[in-house]
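**Q** with the input below, show me the fold.
(one chain, ligands or ions: 1)
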Amino acid sequence: MKILITGGAGYVGSAALRHLAKEGHEVLAYDNLVEGHPKAVGAGRLVVGDIADTDLLTDTLKEFGADAVMHFAAATNVGESVERPDYHYGNNVGGTLSLLNAMRAAEVKRMLFSSTCATYGMTVRDEMDEDTPQDPFSPYARSKLTVEWMIRDFAHAYGMGFTLLRYFNASGADPSGEFGEYHDPETHIIPLVLETALGKREIIKIFGTDYPTPDGTCIRDYVHINDLASAHRLAIEATTPDTAEVFNIGTGQGQSVMDIITACEKVTGLKIPQEITERRPGDPPMLVADPTKLKSQLGWEPQYTSIEDTIATAWAWHQKYPDGYEGPRRITDTPG
Ligand code: UDP
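**A** Purely as a prediction, here's the structure:
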């Protein structure tokens, strides 16, 4: 299949792209490089462009002969979405409208959308299946839910198959150590803890210990990016021009913030300086997936079921590229 991947130079998009290429699909990354990195692409061709550029997207889809689109490109910083809803709705909702129009013009009939468990918001359930009520609490999450509805409406009116993937906490790095997570600014717990282990940050702040969880810190479901990538492949291969599907992607296991810090200490062999601070506004106490549907319907099985194994891949990447893709390779480039 020929698959155009918006956000193909980003953390999750590039993992999907590399996996699809390995499995014999033809891939093209379409990315404006605001958050993406050309070196992350690792397979296929990169077209530098914005999803708001409907003409460039249409021409690229036609010229490539795309059978399907995987749509990752989005503004993802939750805190920023509160300060700058214009940017988030513009990028995520406006950008997707442009993409859907380009797909119509180029007659591309299959689409996969990167949605998020954040659309479930504050709903409290032990394990969340796809029927969990959606109640997003940030502009970011609301923009993602808006896009879900927009895709449903376009598919209904203009004839197109789609699969919505709501994923939990993407984590880890490629086991080669060559591709991993690098955001600027970084807000995610695992990279922040590992950067603290590397001495790049002084301390890791634990955002609240008074949640209704066993150790008082928030619980999340950390799914390895390569397992996310395989879920995307299975989903796109099952998407026909008539499909209207939604799947949660997560391991089904929850880890608290304390669990993550302890696992990072175990993997790195280092004591990580930490400090308890206030809750971060808008954090739900617990988000854990029920991945039953993904497993039974698409045959998905995560390869990474231990948080230490996932963190070990991230640690290898952070040691090799402590300053991300574009930074100096301080460790491996040491003379001799
Ligand atoms: N977290 C924390 N300290 C940090 C960053 C995150 O305690 O410096 C917590 C955060 O409150 C949440 C969990 O770690 O409970 C995961 O946060 P992250 O930003 O990685 O992912 P999210 O679940 O918000 O998408």
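**Q** how near is Asp227 to the ligand?
**A** 17 Å (C-beta to the nearest ligand atom, to the nearest Å). Placement of C-beta: from N, CA and C, glycine included.
**Q** can you pull the contacts of that residue?
**A** By C-beta atoms under 8 Å, 6 or more residues apart in numbering, Asp227 lies in contact with Ile249, Thr251, Trp300, Pro302, Gln303, Tyr304.
**Q** repeat that for Gly327.
**A** Residues near Gly327 by C-beta under 8 Å, 6+ apart: Tyr321.
**Q** at 10 Å instead, please
**A** Shown in contact with Gly327 (C-beta atoms under 10 Å, 6 or more residues apart in numbering): Tyr182, Tyr321.
**Q** does it belong to a helix or a strand, and which?
**A** According to DSSP states H and E, Gly327 maps onto no helix or strand at all.
**Q** quick one: it and the ligand, what's the gap?
**A** 21 Å.
**Q** where do the helices of the stretch 101-250 of the chain begin and end?
**A** Remark: helices assigned in the stretch 101-250 of the chain by DSSP state H, counting those that start in this stretch are 139-158, 189-197, 225-238.
**Q** report the buried residues of the last one.
**A** The one in question is helix 225-238. Ile225, Asn226, Asp227, Leu228, Ala229, Ser230, Ala231, His232, Arg233, Leu234, Ala235, Ile236 (16 or more other C-beta atoms under 10 Å).
**Q** likewise for the longest one?
**A** Under the neighbour-count criterion of 16+ other C-beta under 10 Å, helix 139-158 has 139-148, 151, 154-155 buried.
**Q** where's the residue positioned nearest the centre of the chain, which helix or strand?
**A** With distances taken as C-alpha atoms, centre = their mean, Val12 lies nearest the centre of the chain, 4.5 Å away. Using DSSP H and E, Val12 sits within helix 11-22.
**Q** what's the first helix or strand after that helix?
**A** strand 26-31.
**Q** check contacts around Asn226.
**A** Asn226 touches 15-16, 18-19, 172-175, 179, 302-304, 310, 313, counting by C-beta under 10 Å, 6+ apart.
**Q** now the stretch 1-150 of the chain, which segments are flagged as low pLDDT?
**A** 123-124 (pLDDT under 70).
**Q** would you mind listing what in the stretch 101-250 of the chain touches the ligand?
**A** Contact residues, the stretch 101-250 of the chain versus the ligand (C-beta under 6 Å from any ligand atom): Asn169, Thr187, His188, Ile189, Leu192, Ile204, Lys205, Ile206, Phe207, Cys218, Arg220.
**Q** can you pick out the most distant pair from the residues you listed?
**A** Farthest-apart pair in these is Asn169 and Lys205; separation 17.6 Å (C-beta to C-beta).
**Q** between those two, who's got more neighbours?
**A** Neighbours per residue, other C-beta atoms under 10 Å: of Asn169 and Lys205, the larger number sits with Asn169, 20 against 16.
**Q** quick revisit: could the helices of the stretch 101-250 of the chain go into TSV alongside distance to Gly65?
**A** Listed next are the helices of the stretch 101-250 of the chain as TSV, based on distance: least, C-beta to C-beta, whole Å:
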stretch	distance to Gly65
helix 139-158	20
helix 189-197	37
helix 225-238	16
